[in-house]
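S.K.: Here is my input; please provide its structure:
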Amino acid sequence: MNVQSVLNEHKSHFLRFSLVGGASTILNYLLFYILYQFLDVFYLVSSGAGYIGGVVFGFYFNKVFTFKSRSDDYYEEGIVYFALYTASLLIGLALLRILVLIGIPILTANVIVIGFTTITNYLGSKYFGRVAKRSRLCRWYSQLRGHS
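M.R.: Sure, this is the predicted structure:
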């Protein structure tokens, strides 16, 4: 498979993901900025809170708009989605701390981290999300709830 065919395959999903991501990013940064600049909340806590706000917003819109999931099972999809985004949050916070320690201003470093986590979130949602939905844990959970 060549690079062009891979890009074409992801173009539509990535464009929709980017629109939802753009709105989520605005919400993320707005929450971060208000908490950090106006309420004097520690920058890692502010960044985490902004991220979580963006994730909750993004979960719904990625489900119905980006990937057009027809499933009404918010619990199963939520487990996968929030597990992916929690891992991305932890990696992003570690990256933010490193960027700040090497001298990048906090507000700039957070923008870099948001860009990085946007890419990791897309790839995780696109690839790992499909695998995880078929995982033993998700199949067990679905059987427990009475779904086939």
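S.K.: what about stretch 106-115, average pLDDT?
M.R.: Taken as a whole, stretch 106-115 carries a mean pLDDT of 92.
S.K.: swap that for stretch 34-51, please
M.R.: On average, the pLDDT along stretch 34-51 is 95.
S.K.: can you give me the end-to-end distance of it?
M.R.: Terminal residues of stretch 34-51 lie 13 Å apart, using C-alpha to C-alpha, to the nearest Å.
S.K.: so residue 43 makes contact with residue 36?
M.R.: Yes - shown here, residue 43 and residue 36 form a contact pair, counting by C-beta atoms under 8 Å, at 5.5 Å. The C-beta positions use only the backbone N, C-alpha and C, and glycine is treated the same way.
S.K.: need the next SSE after the top helix by length along the chain, C-terminal direction.
M.R.: Longest helix of the chain, by residue count under DSSP state H: helix 3-33. Using DSSP states H and E, the helix or strand that follows helix 3-33 in sequence is helix 43-61.
S.K.: That next one relative to helix 3-33, how many degrees between them?
M.R.: Taking axes from the mean of the first three to the mean of the last three C-alpha atoms, to 10 degrees, one finds that helix 43-61 is oriented at 120 degrees with respect to helix 3-33.
S.K.: Which neighbouring elements make contact with helix 43-61?
M.R.: helix 3-33, helix 74-101, helix 106-123 (3 or more C-beta pairs under 8 Å, 6 or more residues apart in numbering; DSSP states H and E).
S.K.: What is the first one packed up against?
M.R.: Just to be clear, that refers to helix 3-33. helix 43-61, helix 106-123.
S.K.: And it, what's buried?
M.R.: Along helix 3-33, these residues count as buried under the neighbour rule (16 or more other C-beta atoms under 10 Å): 13-14, 16-17, 20-21, 24-25, 27-29, 31-32.
S.K.: With respect to residue 82, which of those residues is nearest?
M.R.: Distances from residue 82 to the buried residues of helix 3-33, taken as C-beta to C-beta, are shortest for residue 24 (13.9 Å).
S.K.: which residues does the closest one contact?
M.R.: Taking C-beta atoms under 8 Å, 6 or more residues apart in numbering as the contact definition, residue 24 lies against 54, 55, 57, 58, 61.
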